[in-house]
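Chemist: Pasting the sequence and the predicted coordinates here, then a few questions.
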Amino acid sequence: MDAWLERNPRFIFLVPLLTALAIGIFYLRVVNHFDYTPDDTYIYLRTALNVVQGEGWSFNPGGPSYSVTGPLWAMLIAGGAALGLDPYIVAKSLDATLSALAILALQLLVFSLTEDRVLAASAAVLATFDALLVRWAGSGMETSLAVLLTILVMRYVIDDEWHIAGAALGLLVLVRPEYGLLAPWLVVATRDRGWGLHLRRWVLPLAVMSALVAVWWSVAAIWTGTMLSTTIGSKSGWWFDAERTFAALFEGGRIIAASQGISVLVLAALAFAIPRGADPVRTRWWRLLLGWPFVLIVAYASQGVQIISRYLLPASILLTAAMMLAISMWLESRPGRLRRATVLVLAAGVLSMALNTAVYELRVAQHLRYFTAGMEQAMKPIAFWLRANSASDDDVLAPDIGMIGYISERRIWDHVGLATPALREAIKGYSYDEVMQRRLYRSVVNPHYVVDRSRDRERLTDSTLRPIMTFEMPGLGVTIPGTQYVTLYEAVR
């Protein structure tokens, strides 16, 4: 595609201008839902504040717990809080900034793969329309950092900067632990020589990655008594269940289709158009980028993890780079088809932007509005009521602990065990509804206040629990469809 620029040099200034314009539009869309903040973000915020205030690595002050997925993200927020900044603003603004850096990193990755400025800029533009990236940018979660680090790992591997790739991979594991699976996939997918020589090449980067992770594991074991986040056990069944596995595979495929459906179709078509014997190095990179998202989906599904879009985004965005590389390889094998390649890039770009815009406007934006309104109108009033009316040492049982714990500053118990692993162990094997309706949590804690969510209004009301306030909350979470009632109860003692 650079040949087109050579024939039309007066348009060369449009390449950086197009990228800048696309990022500007991207930020306008992100700002439109900047108030969207998942409950998990507040878990990061409270953990970061506790670290800064000398309470150690914990959600509840004085009760060590490894309740966040990405310790590196919590550390970055804590760094901002230590400087006197509002941790909420730190998380949101840093997330939005890293998403833009991830877009630029994708552009550099595609240029490393293709040495083509037009294809690289095209990849960046498509990324700015990615419905998943737009959705999670500015949410205050670790997703944008995971996207950036994943892209950097791939670029450093492709540029043969192995030790830097190992460092980036180690940092990535400290953001999303399951991305440690990328290490064996990289080893397998990059083999270009005998296994002995190939494995020796990977000794240094894997050692660097392991050293970074080992340092954190040591710190986590000292602070919390465990090296693994409590989120891992809460989201995974750790056994093979056919029904859950196939459901997860379907959901993973649906997420890929929603954001990268056009890229997958183009890749499928070009797989037959690229002649056998094409450049083996570029073919190897193409398979590396194309294979990782699907390896990750299979890994999630095999463990019964309910896949949501932010788990896949760091991997799925690589399909845009894979598509651009495939177009470059196809054009390289048929250099006389520049016009066809130009039409293909334009058509794929327009269709991909149209698909992602439709997905965002028709599905994502509606959920973000409902969720944000629900958090503001239901969870936040409950949190402020607890802060103003409960004693500082009162115990609160809640299914969604982030906002309530961050604002109320009370000790929060949760049946999933993110903040209180002891409760999860006591009620293991029971559903949320069973735990709440049978009051099974009382074997561990007799809370002063109980927050419940259910399709049935004030379902727990009896002589021991008195409802204080109830709110209707549509779109409670990514994996909780429909309308729920959120009720705050006071325990009658």
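Modeler: That came through fine. Numbers count the residues shown, from 1 in each chain.
Chemist: My guess is residue 461 contacts residue 490. True?
Modeler: No - contact between residue 461 and residue 490 fails when scored by Cβ atoms under 8 Å: they sit 11.1 Å apart. C-betas here are computed from N, CA, C, even on glycine.
Chemist: could you pull out the helices for the stretch 51-200 of the chain?
Modeler: Secondary structure of the stretch 51-200 of the chain, counting by DSSP state H, counting those that start in this stretch: helices at 71-82, 87-114, 117-129, 131-136, 143-158, 162-173, 182-189, 195-224.
Chemist: Need those in CSV (columns: distance to residue 380 and mean neighbour count).
Modeler: Rendered in CSV, the data for the helices of the stretch 51-200 of the chain read as follows (distance: least, Cβ to Cβ, whole Å; neighbours: other Cβ atoms under 10 Å):
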stretch, distance to residue 380, mean neighbour count
helix 71-82, 20, 21
helix 87-114, 13, 22
helix 117-129, 31, 24
helix 131-136, 21, 26
helix 143-158, 23, 26
helix 162-173, 33, 22
helix 182-189, 38, 18
helix 195-224, 29, 15
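Chemist: Residue 255 is nearest to which of those helices?
Modeler: Between residue 255 and the helices of the stretch 51-200 of the chain, the tightest spacing by Cβ to Cβ is seen for helix 131-136, at 7.5 Å.
Chemist: and that closest one, what other elements does it pack with?
Modeler: Contact analysis of helix 131-136 by 3 or more Cβ pairs under 8 Å, 6 or more residues apart in numbering; DSSP states H and E lists helix 14-32, helix 87-114, helix 143-158, helix 242-273, helix 309-316, helix 338-359 as its packing neighbours.
Chemist: Figure out which of these is closest to residue 425.
Modeler: Among the helices and strands packed on helix 131-136, helix 242-273 comes nearest to residue 425, with 21.8 Å by Cβ to Cβ.
Chemist: For the following helix or strand past that closest one, C-alpha coordinates in CSV please.
Modeler: Elements were assigned by DSSP states H and E; along the chain past helix 242-273, the next helix or strand is helix 280-302. C-alpha atoms of helix 280-302 as CSV (Å, rounded to 0.1, in the frame of the first residue of the first chain):
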residue,chain,number,x,y,z
PRO,A,280,7.9,-18.1,6.3
VAL,A,281,8.8,-15.4,8.8
ARG,A,282,5.7,-13.3,8.0
THR,A,283,3.6,-16.4,7.9
ARG,A,284,4.8,-17.3,11.3
TRP,A,285,3.8,-13.8,12.7
TRP,A,286,0.4,-14.1,11.0
ARG,A,287,-0.3,-17.4,12.8
LEU,A,288,1.0,-16.0,16.1
LEU,A,289,-1.4,-13.1,16.0
LEU,A,290,-4.3,-15.0,14.6
GLY,A,291,-4.0,-18.0,17.0
TRP,A,292,-3.7,-16.3,20.4
PRO,A,293,-7.3,-15.0,20.7
PHE,A,294,-8.6,-18.5,20.0
VAL,A,295,-6.1,-20.2,22.3
LEU,A,296,-7.3,-17.8,25.0
ILE,A,297,-11.0,-18.6,24.4
VAL,A,298,-10.3,-22.3,24.6
ALA,A,299,-8.3,-21.8,27.9
TYR,A,300,-11.2,-19.8,29.5
ALA,A,301,-13.8,-22.3,28.3
SER,A,302,-11.9,-25.4,29.6
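Chemist: counting contacts, what elements does helix 280-302 pack onto?
Modeler: Of the remaining helices and strands, those touching helix 280-302 by 3+ Cβ pairs under 8 Å, 6+ apart are helix 143-158, helix 182-189, helix 242-273, helix 309-316, helix 318-333.
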